[in-house]
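Peer 1: Sequence first, then the predicted structure:
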Amino acid sequence: MVIDPPAIVIRPAVRDFSDRERVRLLILDAFAYMGPRIDPHIGREADAEIGPSERRKRRAALAYSGGDLVGCLFLHQKNDALYISKLAVSPTLQRAGIGRKLVEAARGEARLRGIGMLELETRIELTENHAAFARMGFIKTAETSHEGFDRTTSIVMRAPV
């Protein structure tokens, strides 16, 4: 399938975030394959990411192709890094370079803010994501566990801007 080069828009995820429901559905659709593979399950994380308390401190990078929302990620400063969360691309368009364009938009936002590092977490089971992020310059820097787990559930990856 040939798609228009996606247009990336970065904006505050503010109260009038007009694409909120479309973003929520995109995240749920993009992450659906993870359900049987990861523990703990994603659960309400998508709703929490774009909920009222989070929108005040995050920015959203949204990718559109032909007017359709095809990808998103959220950004907020975390210590010395710009933290990327909920990077999601429409399942039918994954591996089309949209995720890379969103990460490049995050790099641009970090430069504007004078931040020299990007950071993200990815679930330990999703080794294909580890490899994709490594191709974008991310390296594993730590392992973390979700509350109530005594094993590693995620890895932290960082990349210079």
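Peer 2: Received the coordinates, thanks.
Peer 1: Name the strands paired with the lengthiest strand in the chain and say parallel or antiparallel.
Peer 2: Longest strand in the chain by number of residues, with DSSP state E as the criterion: strand 68-78. With DSSP bridges as the criterion, the sheet partners recorded for strand 68-78 are strand 59-65 (antiparallel), strand 81-89 (antiparallel).
Peer 1: May I see the buried residues of the shortest one?
Peer 2: It stands for strand 59-65. When neighbours are counted by 16 or more other Cβ atoms under 10 Å, the buried residues of strand 59-65 are found to be 59-63, 65. For every residue, glycine as well, the C-beta is placed using N, CA and C.
Peer 1: So what's the model's average confidence on that strand?
Peer 2: Taken as a whole, strand 59-65 carries a mean pLDDT of 87.
Peer 1: if we can go back for a sec, got the strands paired with strand 68-78 as a markdown table, with distance to Arg20 columns?
Peer 2: Shown next, in a markdown table, are those (distance: least, Cβ to Cβ, whole Å):
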| stretch | distance to Arg20 |
| --- | --- |
| strand 59-65 | 9 |
| strand 81-89 | 13 |
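Peer 1: and of the ones you listed, who's closest to Leu73?
Peer 2: Distances from Leu73 to each of the strands paired with strand 68-78 were compared using Cβ to Cβ; the minimum, 4.2 Å, belongs to strand 81-89.
Peer 1: hmm, who's touching the closest one?
Peer 2: The contact list for strand 81-89, computed with Cβ atoms under 8 Å, 6 or more residues apart in numbering, reads 26-27, 29-31, 45-46, 49, 58, 63, 70-77, 96, 98-99, 102-103, 106, 109-110, 113, 115, 117-121, 158, 161.
Peer 1: what does stretch 147-158 give?
Peer 2: When contacts are taken as Cβ under 8 Å, 6+ apart, the neighbours of stretch 147-158 outside the stretch itself are 38-40, 81, 117-124, 130, 133-134, 138-146.
Peer 1: Buried by neighbour count, from those residues: which ones?
Peer 2: Buried members of those, counted by 16+ other Cβ under 10 Å: 38, 81, 117-124, 130, 133, 138.
Peer 1: re earlier: farthest pair within the buried residues of strand 59-65?
Peer 2: Every pair of these checked by Cβ to Cβ; the farthest is Arg59 and Ser65, at 20.5 Å.
Peer 1: can you give me the strands in the protein?
Peer 2: Per DSSP E, the chain has strands spanning 7-12, 59-65, 68-78, 81-89, 117-123, 139-144, 154-160. These are given in chain order.
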